[in-house]
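# make a model of this:
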Amino acid sequence: MPKPSLKSSLESLAASFAASLLDAIKGASLQELLAESGAAPRRGPGRPPKSKGATPLLAASAAAPAARARKSGRLPRRSPEQIAKALDQVIALVKGKKEGLRAEQIRDALKMQSKEMPRVLKEGLQKKKLKTKGQKRATTYFAAG
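Residues are numbered from 1 along each chain as shown. I've put the predicted structure just below:
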């Protein structure tokens, strides 16, 4: 019987090693694999990371003040009268400008938040108190009539 070559010996050893390695991995749990790799289990989006050393009750109570201290992204609901008053301010401002004003300029002049502007400008256009020229950020607003 001929003596196996070095190459064939290495190939058979590598194949048997790979097979036994796969068997070991298949038999292990996910927690064991993550513990051995040193990686933390991946958490889903929107889920806070686990805090170390704190009990769940303490972690929840510590996070509550931070959530209250953060400002909400939504504005309080405005009445039709408040929107009409803001529209009157916009019209008064735009009347004095022959070349018109962009929404950013109106917002800065009236010290309004950017979230307040779309509704006011939309109302002005619907009631035909404002006219526009241009598109997107280049839109210029003029007083109608």
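
# all strands for the chain, in order.
Taking DSSP state E as the criterion, the chain carries its strands at 101-102, 130-133, 140-143.

# paired strands for the last one, with orientation please.
Right, strand 140-143. strand 101-102 (antiparallel), strand 130-133 (antiparallel) (DSSP bridges).

# nearest to L33, of those strands?
Across these, L33 has its closest neighbour in strand 101-102 (56.9 Å, CB to CB). (Each C-beta comes from the backbone N, C-alpha and C, glycine too.)

# quick one: mean pLDDT over that closest one.
Averaged across strand 101-102, the pLDDT comes to 94.

# stretch 123-133 too?
Per-residue pLDDT values across stretch 123-133 average out to 93.

# can you put the strands of the chain in a markdown table and add mean neighbour count and distance to L33?
Conversion of the strands of the chain to a markdown table gives the following (neighbours: other CB atoms under 10 Å; distance: least, CB to CB, whole Å):
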| stretch | mean neighbour count | distance to L33 |
| --- | --- | --- |
| strand 101-102 | 16 | 57 |
| strand 130-133 | 16 | 60 |
| strand 140-143 | 19 | 61 |
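
# poorly predicted segments of the protein, please.
For the chain, the stretches with pLDDT under 70 are 1-2, 39-44, 47-72.

# S29 is nearest to which of the strands paired with strand 140-143?
Across the strands paired with strand 140-143, S29 has its closest neighbour in strand 101-102 (60.4 Å, CB to CB).

# which residues touch that closest one?
Applying CB atoms under 8 Å, 6 or more residues apart in numbering, the set of residues contacting strand 101-102 from outside is L93, V94, A109, R137, A138, T139, T140, Y141.
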